[in-house]
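In: next come a sequence and a model predicted from it.
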Amino acid sequence: MIRRKKEKKREKDEDYDEEVEEGIEEELDQDDYLLGKIADIIHNLFGVYGEDFVQVFDKLTEYFVAMLAPERPGLEHQWAICVFDDLIDFAPNSAPKYQQHFLQPMMHYLSDV
């Protein structure tokens, strides 16, 4: 979201280059696609292994927590929330261990319009 705001501001700049803008837009789309695929893989791993996947997820948690930071783009918030939602759905006994990381941001971003 921040990147997109910066890009909108840049459009108004007299040195604005439409080709550069298109390249940046493609990069943003690729970022979103990649994050979506990662979230899909984690969803499937939680779906298959449930609580047994938590040991592996524990090593990845810091990355998803970082994606929930306020300065990160909305798409990162979205994908991180999806991953923590899968944790809640497929590993409910382990979810309380992580709630300190996701509960407040999840409540905030889900009500953010």
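Out: Received, thanks.
In: next secondary structure after the lengthiest helix in the chain?
Out: Counting by DSSP state H, the longest helix found in the chain is helix 18-49. The element immediately downstream of helix 18-49 (helix or strand, assigned by DSSP states H and E) is helix 54-67.
In: averaged pLDDT, that following helix. What do you get?
Out: The predicted model assigns helix 54-67 a mean pLDDT of 96.
In: contacts for it next, please.
Out: 42, 45-46, 72, 76-77, 79-80, 83-84, 87, 91, 94, 98, 101-102 (C-beta atoms under 8 Å, 6 or more residues apart in numbering). C-beta here means a position set from N, CA and C on the backbone, and glycine is covered the same way.
In: which one of those is nearest to residue 111?
Out: Minimum distance to residue 111 across the contacts of helix 54-67 is 12.1 Å, recorded for residue 77 (C-beta to C-beta).
In: separation between that closest one and residue 31?
Out: According to C-beta to C-beta, to the nearest Å, residue 77 and residue 31 sit 13 Å apart.
In: looking at these two, which is more packed in?
Out: Neighbours per residue (other C-beta atoms under 10 Å) separate residue 77 from residue 31, with residue 77 holding more: 21 against 15.
In: is that one in contact with residue 105, as I believe?
Out: Yes: assessed by C-beta atoms under 8 Å, residue 77 is found in contact with residue 105 at 7.2 Å.
In: can you pull the contacts of residue 81?
Out: Residue 81 touches 68, 102, 105-106, 109-110, counting by C-beta under 8 Å, 6+ apart.
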